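1. coordinates only, sequence not included:
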């Protein structure tokens, strides 16, 4: 378990001044009207597209691999919309970390809460499968209003950002667990907690199966999902959070608990998890994190990279 951090005078060291300046700007902007922040985010995203060609190319490559049926014009249009949403995500960090409860609650629209409550009826722990949509920080904050949860966490390498990030993410949830603390995660589930887990990135070769993801036949897919799903008295369900296109807030969804999962065959189960990700992404592809090198790990180390 990661303890709530305390402020240290070390954070005022000159090497952190630029970080504090960026934080101050983000904090100040977070108090502007929501519609204005969305507009600023779209503008920032268009700037990203011009000054971050490597990340843009990663997103373009991912989209071409996943949607080979799309024309070049359609791919480029989706890349542009994705970068706009990436810009908005930066402002959503400020919303998630610093908005008061009354303000952010007004943006919450819940769907399927009964599925979550049904999964908890017998005191079961709930493994909540989350995916890397760009509004993930807001997702964590909003879910806490439904019921506080715990989640796996990767520490930041900047001490000030680690302090702010830990406090911000625990704003309406219970606590966080080190990403490699498998026992801590299993303990939380055994106590009947809701534990969030993100199975949709390329985590390398350890605990991995190479299975189909969209149209890529051999995507590295973590088996960690099945490890946690095997916990005694554990239910598994999918939750996703997407920004409404009309600017009125966020739709937070809870799907029915998975049945007969896991099966015991990691390859079959990993493919099934990927289909869950695919179904969610297809509903709002422009809001997914495409700038991550999702297909960087190939089945054989000497195979050429998709990312040139």
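-> Here it is on my side, so go on. As the structure is a computational prediction, the values presented were derived from the model and not from experiment. Numbers count the residues shown, from 1 in each chain.
2. how about the strands in the stretch 101-250 of the chain?
-> Secondary structure of the stretch 101-250 of the chain (DSSP state E, counting those that start in this stretch): strands located at 108-111, 125-129, 150-153, 175-178, 194-197, 208-213, 216-222, 234-243, 250-254.
3. Return the list of strands paired to the second one, each annotated with direction.
-> For strand 125-129, the paired strands and their directions (DSSP bridges) read strand 194-197 (parallel), strand 234-243 (parallel).
4. Run the angle between that strand and strand 250-254 for me.
-> With axes from the mean of the first three to the mean of the last three Cα atoms, to 10 degrees as the criterion, the two stretches strand 125-129 and strand 250-254 enclose an angle of 130 degrees.
5. Tell me the gap between strand 125-129 and the middle of its chain.
-> In terms of Cα atoms, centre = their mean, to the nearest Å, the centre of strand 125-129 is found 15 Å from the chain centre.
6. coming back round to it: which of the strands paired with strand 125-129 sits closest to residue 31?
-> Within the strands paired with strand 125-129, the stretch nearest residue 31 is strand 234-243; the backing value is 19.3 Å (Cβ to Cβ). Where C-beta positions appear, they are placed from N, C-alpha and C, glycine not excepted.
7. how distant is the closest one from the center of its chain?
-> Relative to its chain's centre, strand 234-243 lies at 11 Å (Cα atoms, centre = their mean).
8. picking up where we left off before, got the strands of the stretch 101-250 of the chain as TSV, with distance to residue 97, mean neighbour count and mean pLDDT columns?
-> Converted to TSV, the strands of the stretch 101-250 of the chain look like this (distance: least, Cβ to Cβ, whole Å; neighbours: other Cβ atoms under 10 Å; pLDDT from 0 to 100):
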stretch	distance to residue 97	mean neighbour count	mean pLDDT
strand 108-111	16	15	97
strand 125-129	21	24	96
strand 150-153	15	22	81
strand 175-178	14	20	83
strand 194-197	17	23	94
strand 208-213	31	20	97
strand 216-222	27	20	96
strand 234-243	16	23	97
strand 250-254	15	20	98
